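Novice: have a look at this fold, sequence not included:
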Ligand SMILES: [Zn+2]
């Protein structure tokens, strides 16, 4: 029983070892590496290090080290295939069935083909922008006008696609691509009537979408004339599924992790311009509505997000959708609306990065933003309009995962919407709570016993009370020691909290044992 090697290699590249280790150990950045006290041996000064560049961990004290898989094997005490499954789960990568090697290999080679053609296309487009003649000048002028420097242009690998039906296709053929590979690359489109293909991107400034390893997986092209379609984008291909990637993350991930939060913007330039001005903890959701996959990806680097979309009606609608998804994935959300509905790109060019940061520091909580939007064109003295405002706000409270925060936001909303009536408040609160029980409770009673024995109870009560003892005892407990006990959920939760270095109290335990009977 084994996974295809190509899958393992890919997963290793995609899994962020820092993020995986951080699930268990609190890491601190030190130069290019991350350090912590070793989880595998006792120590007071950190000698355990993780290198994101080398994708390895190593302890200078006990000399344990290896890949992200070795780490998970060691800390979870599981087999290699099981560690792979766990890492895939944490990374949000679907695991292939153990037996479909050949289908997986075929798909893999299709993905590699698309990326190879994308690389050739991008290198050629970059060259066109840099050295192209009169035609490319319009693209360079556009960038000059936006104050994009040469350095920034190179960092983001911007390019120019000449206005030709087949210049790129013939370049790709020259490089050795077959017509079939070109057809499947998404770089060409097909004329319905004749069945002939032609270059998809023509006369456009090219923004490549690079995956987290910096490989080009798709492109956006901005018109330089006055065409109806300001931007066109790559279709889905073997290498690109819409809504799975965030623009810029390959460049901004470390800064996002360092800052502990990300600024979420809409368009290419809303990221590129702040980046050039030194604001580098930004990602762009890229036109389409933010998806849960994108939020999961972002959540690997920070748990806090400042949404900075356009202030116009469409931008506000998009921001509200984004907020709901971010909350559902348990991220903390603030919202920044810049004065005069400016987008980040024009705001920063006009007023500079420090003024932007000042505005960002005053970003609203998500609930305040949602309430403001709900009451904006409504009169709260009108019962029907008041009801509509309440209906608009409630989903954003319902989506909050933490019960304490949920209650807090609820109270803020009730006060702002001037709902003083106690029984109405209670009714609304109940309606939010009842939505939570949509998930069937998990019961784990494999032994058929539902009462904890006196010994278990005693052990648990000393573990609750004594932090030092927890640190001694919990690492010695193996899953097999407690998995059949009725109190297994509590042991599991204690071990997890200990791993994460979090306080053990009623709130954190309830969160960890959610769904299990406490
Ligand atoms: Zn060690």
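Specialist: Ah, there it is. Predicted, not measured: the structure shown is a model, and the values here were computed from it.
Novice: in the helix ranked longest in the chain, what counts as buried?
Specialist: For the chain, the longest helix by residue count, based on DSSP state H, is helix 101-131. Buried residues in helix 101-131, counted by 16 or more other C-beta atoms under 10 Å: 101, 104, 108, 111, 113-118, 120-122, 124-126, 128-129. For every residue, glycine as well, the C-beta is placed using N, CA and C.
Novice: what helices or strands is it leaning on?
Specialist: Where contact means 3 or more C-beta pairs under 8 Å, 6 or more residues apart in numbering; DSSP states H and E, helix 101-131 is packed against helix 5-14, helix 134-145, strand 159-161, helix 167-175, helix 179-184, strand 204-210, strand 216-223.
Novice: can we see that at 10 Å?
Specialist: helix 5-14, helix 134-145, helix 150-155, strand 159-161, helix 167-175, helix 179-184, strand 204-210, strand 216-223 (3 or more C-beta pairs under 10 Å, 6 or more residues apart in numbering; DSSP states H and E).
Novice: which of these has the lowest average pLDDT?
Specialist: For those, the weakest mean pLDDT is recorded on helix 5-14, namely a mean of 85.
Novice: tell me if the helix or strand following it is near the ion.
Specialist: Remark: after helix 5-14, the chain's next helix or strand is helix 17-22, criterion DSSP states H and E. No: if you take C-beta under 5 Å from the ion as the test, helix 17-22 misses the ion, and the best it gets is 12.7 Å.
Novice: for helix 17-22, packing partners?
Specialist: Against helix 17-22 (3+ C-beta pairs under 10 Å, 6+ apart) you get strand 33-36, strand 48-51, strand 56-59, helix 68-76, helix 80-91, helix 249-259.
Novice: and those: which comes nearest the ion?
Specialist: The closest of the helices and strands packed on helix 17-22 to the ion is strand 56-59. By C-beta to the ion, the value is 3.1 Å.
Novice: off-centre distance for the closest one?
Specialist: Relative to its chain's centre, strand 56-59 lies at 25 Å (C-alpha atoms, centre = their mean, to the nearest Å).
Novice: swap in stretch 185-193?
Specialist: Centre to centre, stretch against its chain (C-alpha atoms, centre = their mean), the figure for stretch 185-193 is 31 Å.
Novice: what does that stretch rub up against?
Specialist: Contacts with stretch 185-193, where a contact means C-beta atoms under 10 Å, 6 or more residues apart in numbering, come from 113-118, 120-121, 161, 165-166, 168-169, 172, 177, 179, 181-183, 196-202, 217-219, 232-240.
Novice: from the helices and strands packed on helix 101-131, which stretch is densest packed?
Specialist: Compared across the helices and strands packed on helix 101-131, strand 159-161 shows the largest average neighbour count, a mean of 28 (mean count of other C-beta atoms under 10 Å).
Novice: so what's the gap between that one and the chain middle?
Specialist: Chain-centre distance of strand 159-161: 29 Å, with C-alpha atoms, centre = their mean.
Novice: partner strands of it, with direction?
Specialist: Partner strands and pairing direction for strand 159-161 (DSSP bridges) are strand 204-210 (antiparallel).
Novice: if we can go back for a sec, the helices and strands packed on helix 101-131: which one's closest to the ion?
Specialist: When the helices and strands packed on helix 101-131 are ranked by proximity to the ion (C-beta to the ion), helix 5-14 comes first, at 21.8 Å.
Novice: can you name every helix or strand that that closest one contacts?
Specialist: Counting contacts by 3+ C-beta pairs under 10 Å, 6+ apart, helix 5-14 packs against helix 68-76, helix 80-91, helix 101-131.
Novice: for the ones you listed, which one sits closest to residue 28?
Specialist: Smallest distance to residue 28 across those (C-beta to C-beta): 17.2 Å, for helix 68-76.
Novice: what about the residue nearest to the spatial centre of the chain, which SS state?
Specialist: Centroid-nearest residue in the chain, with C-alpha atoms, centre = their mean: residue 298, separated by 1.7 Å. Secondary structure for residue 298, judged by DSSP: H, G, I helix; E, B strand; the rest coil, is helix.
Novice: how about it, what does it touch?
Specialist: Contacts of residue 298 (C-beta under 10 Å, 6+ apart): 246, 249, 253, 256, 262, 264, 283, 285, 290, 305, 326, 329, 331.
Novice: quick one, phi psi at the closest residue to the ion within the stretch 101-250 of the chain?
Specialist: Using C-beta to the ion, the single residue of the stretch 101-250 of the chain nearest to the ion is residue 212, 28.6 Å away. The phi and psi values for residue 212, taken as degrees, to the nearest 10, are phi -70, psi -20.
Novice: hmm, it is touching residue 52, no?
Specialist: No: contact criterion C-beta atoms under 10 Å: residue 212 and residue 52 do not qualify, at 11.2 Å.
Novice: quick check: neighbours shared by those two?
Specialist: With C-beta under 10 Å, 6+ apart, residue 212 and residue 52 have common neighbours 16, 253.
Novice: before we move on, back to that, the longest helix of the chain - what's its average pLDDT?
Specialist: Averaged across helix 101-131, pLDDT comes to 88.
Novice: same check on stretch 345-358?
Specialist: Computed over stretch 345-358, the average pLDDT equals 96.
Novice: quick one: it to chain centroid distance?
Specialist: Mean-position distance between stretch 345-358 and its chain equals 25 Å (C-alpha atoms, centre = their mean).
Novice: report the buried residues of it.
Specialist: Across stretch 345-358, burial judged by 16+ other C-beta under 10 Å covers 345, 347, 348, 349, 353, 356.
Novice: so the last one sits in a strand?
Specialist: No: Residue 356 sits outside any strand when classified using three-state DSSP, being helix.
Novice: write out the residues of the chain neighbouring the ion.
Specialist: Proximity of the chain to the ion, by C-beta under 5 Å from the ion, involves residues 38, 40, 41, 59, 61, 62.
Novice: from those, list the buried ones, please.
Specialist: For the residues of the chain next to the ion, a burial check counting by 16+ other C-beta under 10 Å picks out 38, 40, 59.
Novice: in JSON lines, list those along with pLDDT.
Specialist: Shown next, in JSON lines, are these (pLDDT from 0 to 100):
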{"residue": "38", "pLDDT": "92"}
{"residue": "40", "pLDDT": "89"}
{"residue": "59", "pLDDT": "92"}
